[in-house]
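Trainee: Give me a model of this one.
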Amino acid sequence: MLAAMFAVFILQIAARYVFGWPVGWTVEVCLTLWLWLVLWGTAFCLDDRDQVRFDMVFLAVSRRLRRVFFLVSAGAVVAALALSLPDTWEYVTFMRIKRSATLQLRLNWVFSIYILFAVALILRHAIAGIGVLRRGLPETGGQGP
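Mentor: Here you go, the predicted model:
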């Protein structure tokens, strides 16, 4: 997706500044690919340890309190995303009546990646929380979900 986005971006620059032919569809493709790249990458490609986190407090407390922090943060993510899922589904399905400005893509297809993202994060954090409940924090520090 990143390679495709870069190629379309270069095409846009060449079309506009070399050939004097501005093309509007390239902006739409870049924005859609960026949305999909970020949400797909976060949901399915990045490992938990690769996520940006501010863990100074987490690392400064006892191992027992870290477990509590881990479980609270995993539970908060699961609860927030699970509670938002019905409204998210309603919004995405509503967007089937709208189309993008240039390429006329149905916006429910464009925004459907968010549902995959939310479900993937719910599952990842629920599994991580259950793992910590059963086995405790991993020896590597168990930085929060």
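
Trainee: use CA for all of it now, contacts and neighbours both
Mentor: Noted.

Trainee: Give me the buried positions along the lowest-mean-pLDDT helix or strand in the chain.
Mentor: Least confident helix or strand of the chain, by mean pLDDT, DSSP states H and E, is helix 56-60 with a mean of 87. Within helix 56-60, the residues scored as buried using 16 or more other C-alpha atoms under 10 Å are residue 58.

Trainee: Which elements pack onto the helix or strand just after it?
Mentor: Scanning forward in sequence from helix 56-60 by DSSP states H and E, the next helix or strand is helix 63-94. Contacts defined by 3 or more C-alpha pairs under 8 Å, 6 or more residues apart in numbering; DSSP states H and E place helix 63-94 against helix 56-60, helix 107-135.

Trainee: closest to residue 95 out of the ones you listed?
Mentor: helix 107-135 (4.8 Å; C-alpha to C-alpha).

Trainee: pLDDT on the closest one, on average?
Mentor: Averaged over helix 107-135, pLDDT sits at 96.

Trainee: So the chain: which segments form each domain?
Mentor: 1-45, 53-145 (automatic domain parsing).

Trainee: Give me the distance between residue 49 and residue 109.
Mentor: 30 Å (C-alpha to C-alpha, to the nearest Å).

Trainee: cool, and residue 12?
Mentor: Where residue 109 is concerned, residue 12 sits at a distance of 24 Å (C-alpha to C-alpha).

Trainee: These two - which one has more neighbours?
Mentor: residue 12 (20 against 13; other C-alpha atoms under 10 Å).

Trainee: now for the helix or strand harbouring that one, which elements pack on it?
Mentor: Element membership for residue 12 (DSSP H and E) is helix 2-13. Where contact means 3+ C-alpha pairs under 8 Å, 6+ apart, helix 2-13 is packed against helix 25-40.

Trainee: which strands and helices sit next to the helix it packs on?
Mentor: Helix 25-40 packs on helix 2-13, helix 107-135, going by 3+ C-alpha pairs under 8 Å, 6+ apart.

Trainee: Which pLDDT value belongs to the residue positioned nearest the centre of the chain?
Mentor: The chain has residue 39 as the residue nearest its centroid, 2.9 Å off, counting by C-alpha atoms, centre = their mean. For residue 39, the model assigns a pLDDT of 96.
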